[in-house]
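Visitor: need a 3D model of the sequence below.
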Amino acid sequence: MRLTPFLLLLFTPAAMAQNSPPAAQPQQRQSIIERLGQLEQESQSLQRAVNLARNTAVELNGGLGRYQPGLCMVEARRIQECLISRGPNGFVFRFPGGPPGWVAEQKAATVESEISIAADGRSVLRSIYNGPPRPSAQPGQPGTGTCPCVCPPAPAR
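Guide: Prediction:
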């Protein structure tokens, strides 16, 4: 794991002495380093999974000249809108899509994709669904590119 200068500041003797008793310092430091490594790995796996699911949908729907995925698969801050499940068996994404420009033109999605990706983010486990938005799904607002299906609620502000 590569520690950034900011993270290295957390592990200086002065910083550690302020936050813990001397006997716990080496154990705490190792525990923090291990947890940071886990978080970095999880973050990389999620990013790979998002990219793979998005690119799989693009391929299934004829390429970028014919298909554009919803914003939740493009903007990192919105990925939770289309991440249906995450666990040791991998990731499942459900997201809208449509012809190029559908989001900017505030049109409704014409395609819904649901794709399962391995936990390491490196392989497609299966394309669960790729077709017209299903009637059982709750459509997102036109032009937002958000998930047209069962999405987690937006965080309270």
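Visitor: tell me where the model's unsure across the chain.
Guide: Applying pLDDT under 70 to the chain flags residues 1-24, 39, 136-157.
Visitor: and if we set it to 80?
Guide: For the chain, the stretches with pLDDT under 80 are 1-27, 29-31, 33-43, 136-157.
Visitor: what's the biggest helix by length in the chain packed up against?
Guide: In the chain, with assignment by DSSP state H, the single longest helix is helix 25-60. Under the contact criterion of 3 or more Cβ pairs under 8 Å, 6 or more residues apart in numbering; DSSP states H and E, helix 25-60 touches helix 13-19, strand 68-69, strand 90-98, strand 111-117, strand 124-131. Placement of C-beta: from N, CA and C, glycine included.
Visitor: using TSV, please lay out those together with mean neighbour count and distance to residue 56.
Guide: Supplementary listing: the helices and strands packed on helix 25-60 in TSV, determined by neighbours: other Cβ atoms under 10 Å; distance: least, Cβ to Cβ, whole Å:
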stretch	mean neighbour count	distance to residue 56
helix 13-19	11	44
strand 68-69	24	10
strand 90-98	25	9
strand 111-117	24	5
strand 124-131	14	5
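Visitor: go through those and name the closest to residue 48.
Guide: In terms of Cβ to Cβ, the element of these nearest to residue 48 is strand 111-117, at 8.1 Å.
Visitor: for that closest one, C-alpha coordinates in CSV please.
Guide: Backbone C-alpha positions of strand 111-117 (Å, rounded to 0.1, in the frame of the first residue of the first chain) are rendered in CSV as follows:
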residue,chain,number,x,y,z
VAL,A,111,-33.1,0.4,-21.5
GLU,A,112,-32.6,-1.1,-18.1
SER,A,113,-29.5,-3.2,-17.4
GLU,A,114,-28.9,-5.4,-14.4
ILE,A,115,-25.4,-6.9,-14.3
SER,A,116,-23.6,-9.0,-11.7
ILE,A,117,-19.8,-8.5,-11.3
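Visitor: cheers, nothing more for now.
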